[in-house]
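pasting a predicted model and its sequence here:
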Amino acid sequence: PLQVHRRLLYDDNRGVGEPLEEPGPDNRGLVVRGRHLVLLDPAESAAERHRPLAQELVTAPYAVLAPGGGPSYGRGRPPRREFSALRRELPPNVHLLTLAPDDAGTVLLRLEHQFERGESANESQPVTIDLL
């Protein structure tokens, strides 16, 4: 079962200690809209599809608009639309979790292996990445 929202006129003794009455701005109750994806895969290979798809949905890219200028905006050169500091693509079972500068002039880089041991025949294998 899937429960997105509930509305109760009396306390149901499940820990809130009061009725769940959220009428919303129009007094017709809250309206919740969402998207549910159902993957119909065998258990042995389900993680190979749902882990990358979950990462894609949760960490979807977004456009950032900024004023031009700086060294990458030279006269006569086409604007740079994409940049990667990687020499080669990360393996599919490795996810870039954090890439953040700190005050000391260094960068915090955190990578994560997306699959648990035994979760996938192919993607659960250990991986080595050369950062140099």
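Cool, the structure landed.

surely H50 is within a helix?
Yes: judged by DSSP: H, G, I helix; E, B strand; the rest coil, H50 forms part of a helix.

which residue ranges form the strands in this protein?
Under the criterion DSSP state E, the chain contains strands at 94-101, 107-113.

would you mark the buried spots in the longest one?
Along strand 94-101, these residues count as buried under the neighbour rule (16 or more other C-beta atoms under 10 Å): 94-95. All C-beta atoms are positioned from the backbone trio N, CA, C, and that covers glycine.

contact partners of that strand?
55, 90, 107-114, 127, 129 (C-beta atoms under 8 Å, 6 or more residues apart in numbering).

what is the orientation angle of it with strand 107-113?
Relative orientation of strand 94-101 versus strand 107-113 (axes from the mean of the first three to the mean of the last three C-alpha atoms, to 10 degrees): 170 degrees.

partner strands of strand 94-101 and their direction?
Strand pairing for strand 94-101, using DSSP bridges, gives strand 107-113 (antiparallel).

residues touching Y10, list them.
If a contact means C-beta under 8 Å, 6+ apart, then Y10 has P19 as its contacts.

on that earlier part again, just the buried subset of the contacts of strand 94-101, please.
Among those, the ones that count as buried by 16+ other C-beta under 10 Å are 111, 114.

from the contacts of strand 94-101, which is closest to E48?
Using C-beta to C-beta, Q114 is the member of those that lies nearest E48, at 9.9 Å.

show the pLDDT at that closest one.
With respect to pLDDT, Q114 scores 90.
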